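In: From the sequence below, what's the structure:
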Amino acid sequence: MITKELCQEVLQHALQTGGDFAEIFCESTYNNAYEMTSGKTTKITGNHTYGLSLRILKGFLEVNGYTNNLSRASLLDLAAKLAATFNDQALGIKFLLKEEPVKQINSILRRPSQLSNDQKLNYLSKAYEAVKDFSPEIIQTIGNIRDEEQTVLIANSHGRFVKDFRSHLFMNFSVVVSDGKSTQTQTDNIGGHQGYELLDGKDIKDFAQKIATSALTMLHAEEMVGGKMTVVVHNAFGGVLLHEACVHSLEATMVAKGASVFCNKLGTKVATDIVTAIDDGTIPNAWGSLNVDDEGEPTKRNVLIENGILKSYLVDYRNSRLMKHHLTGSSRRQNYRFGTTSRMTNTFFAPGKSTFEEIIAATSFGLFAKKMGGGSVDPSTGEFNFAVNEGYMIENGKITKPVRGATLVGSGSQVLLNIDMIADNLAFGYGMCGSLSGSIPTNVGQPTIRVQNMTVGGRGTKA
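Out: Numbering: from 1, shown residues only. Predicted coordinates for the structure are as follows:
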């Protein structure tokens, strides 16, 4: 990392041609990845990402550059090259960098660097041992662990000087099953802004066996018969529907361009009265949480939709200039090679007043989407197409036969207006979100919700 004095010099140098704001993002990040296939270690990799990004703003214009040569001469040269984008007189901006205290919301007890490779691989071995004799139809298991230790320094011409340490841990386990005619794969994840104490607190045997049970159930399920119907979307990773189909359209990256279905709708009704949606980067040790965002702004609990009314967008510094909207502590980037912009952290529907059992009992016919999968979405319209990895029919208020191959088709804005029941069982799922500033850890979450009049696709035919 570089000194405060050098940061001050580089930032001042960057403002010599009329820029009105300059910012440094410097990082040193160690990543490790482990893979185990059917009980055998198949991959161990590690890397060190080290470098600095500099950006200059002039009004709404922005220029970015980066380097991993952190010598004084290199950084001043980078500042001069970026500043040459503008050709005005310096504005005489005066500032003095002052280190800001960082509120620590993410305690790290067992840093990845404190464990050996064998200790880490042991967690994957536990998952494999839990399912290796579970069923003869299991033909393969794949387990992955990724860990990260990141130290960041953020300084800007407003006088901000912030240092932070981050540690992310992610475990993924997949079970592949076959009956000789067809194959099914089920996957689940564990993630947190934590050290390896995260996995110490999990029942890995139960985690792995639930994945195997889901895969075996879907292997012998009937094909979904499509149509328009009531859909009950379960908690945890079911929140991917909110994340992809709705909240991407609330990020300033889309709203500031006028390219979102939610543009100019602050204060208007966009969902049913029971819907409250939140993006909260302050949940201790949650996968998407940060002490400060990548502009050094403390993360916040942002209520995006409250009782059906749109209350806020997710906004970074540059886009706040364009939108005249307050900062939300939402500026994030994959690493120093990416420019930073507005992104989600931990995004979820707030709990409702119903129970899971009440929602199922109140549904005469429909689909229970127990586990959601991947899909595609157009953020400008919110139109989506998502796979249901594990699904069941609901008939006469009861969950009945399993069905496979179901897809959910619709638009996020319409889903918000068709939610008529929300349970009290909030839970989270863990994923990596890709957008303009790269791939970042984000939590998706929700209680179980019921959506009326959804289009469900499937390859099955009516008897």
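
In: Just grab the bridge partners of Y30 for me.
Out: Beta bridges link Y30 to H48, E149 when assigned by DSSP bridges.

In: Tell me how far it lies from A286.
Out: The spacing between Y30 and A286, counted by Cβ to Cβ, to the nearest Å, is 22 Å. (C-beta placed from N, C-alpha, C; glycine too.)

In: Repeat that for G352.
Out: G352 is 21 Å from A286, by Cβ to Cβ.

In: ok, back up a step: between Y30 and A286, who's got more neighbours?
Out: A286 (24 against 18; other Cβ atoms under 10 Å).

In: Chain neighbours aside, what residue packs nearest to that one?
Out: Across the structure, with Cβ to Cβ, 6 or more residues apart in numbering as the measure, the residue nearest A286 apart from its sequence neighbours is N346 (4.9 Å).

In: Check which helix or strand A80 maps to.
Out: Secondary structure from DSSP states H and E places A80 in helix 72-83.

In: Beyond that helix, next helix or strand please.
Out: Reading on from helix 72-83 to the C-terminus, the next helix or strand found by DSSP H and E is strand 98-99.

In: Identify the neighbouring strands of that following strand in the sheet and state each direction.
Out: Using DSSP bridges, the strands paired with strand 98-99 are strand 160-178 (parallel).

In: Pull out the buried positions in the strand it pairs with.
Out: Residues 160-164, 166-177 are the ones in strand 160-178 that count as buried (16 or more other Cβ atoms under 10 Å).

In: pLDDT on it, on average?
Out: For strand 160-178, the mean per-residue pLDDT is 98.

In: Show me which residues of the helix or strand following that strand are buried.
Out: Scanning forward in sequence from strand 160-178 by DSSP H and E, the next helix or strand is strand 183-192. Residues Q184, T185, Q186, T187, D188, N189, I190, G191, G192 are the ones in strand 183-192 that count as buried (16+ other Cβ under 10 Å).

In: Same list, those residues, but as CSV with pLDDT please.
Out: Shown next, in CSV, are these (pLDDT from 0 to 100):
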residue, pLDDT
Q184, 96
T185, 97
Q186, 97
T187, 96
D188, 96
N189, 95
I190, 97
G191, 97
G192, 97
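
In: Rebuild these as a markdown table, extending it with distance to T455.
Out: Output for the buried residues of strand 183-192, formatted as a markdown table (distance: Cβ to Cβ, whole Å):
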| residue | distance to T455 |
| --- | --- |
| Q184 | 24 |
| T185 | 25 |
| Q186 | 24 |
| T187 | 25 |
| D188 | 27 |
| N189 | 28 |
| I190 | 32 |
| G191 | 31 |
| G192 | 35 |
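
In: Farthest pair within those residues?
Out: Greatest spatial distance in those: Q184 and G192, 28.0 Å, computed using Cβ to Cβ.

In: Quick one: distance of stretch 301-311 to the chain centre.
Out: 19 Å (Cα atoms, centre = their mean, to the nearest Å).

In: how much space between the residue nearest to E100 when sequence neighbours are not counted and Q334?
Out: Distance criterion Cβ to Cβ, 6+ apart; nearest residue to E100, sequence neighbours excluded, is V162 at 5.2 Å. Using Cβ to Cβ, V162 is found at 19 Å from Q334.

In: just I56 next, same as before
Out: From I56 across to Q334, the span is 21 Å (Cβ to Cβ).

In: which stretches of the stretch 351-463 of the chain form helices?
Out: Per DSSP state H, counting those that start in this stretch, the stretch 351-463 of the chain carries helices over the ranges 356-361, 412-418.

In: Lowest average confidence across those helices, which one?
Out: The minimum mean pLDDT among the helices of the stretch 351-463 of the chain belongs to helix 412-418 (a mean of 94).

In: contacting residues around that helix?
Out: With contacts defined as Cβ atoms under 8 Å, 6 or more residues apart in numbering, helix 412-418 is touched by 241-242, 244-246, 249, 261-262, 270-272, 275, 305, 308, 377, 382-384, 451-454.

In: can we see that at 6 Å?
Out: Applying Cβ atoms under 6 Å, 6 or more residues apart in numbering, the contact partners of helix 412-418 are A245, C246, V261, V270, A271, V275, G382, V451, Q452, N453.

In: same question, stretch 233-244
Out: 347-349, 369-370, 372, 377, 425, 427-429, 444-449.

In: likewise stretch 319-332?
Out: Among residues not part of stretch 319-332, those counted as contacts by Cβ under 6 Å, 6+ apart are 60, 252, 256, 281, 293-295, 297-300, 302, 313-316, 340, 342-343, 440.

In: Tell me what the residue nearest to E100 is bridged to.
Out: The partner residues for V162, given DSSP bridges, come to I154.

In: same check, this time on the one 10 residues further on
Out: Residues in a beta bridge with N172, per DSSP bridges, are N144, N189.

In: Just the endpoints, please. Distance across stretch 291-305?
Out: End-to-end distance of stretch 291-305 (Cα to Cα, to the nearest Å): 23 Å.

In: For that stretch, buried residues please.
Out: Neighbour count says stretch 291-305 has 291-300, 302-305 buried, by 16+ other Cβ under 10 Å.
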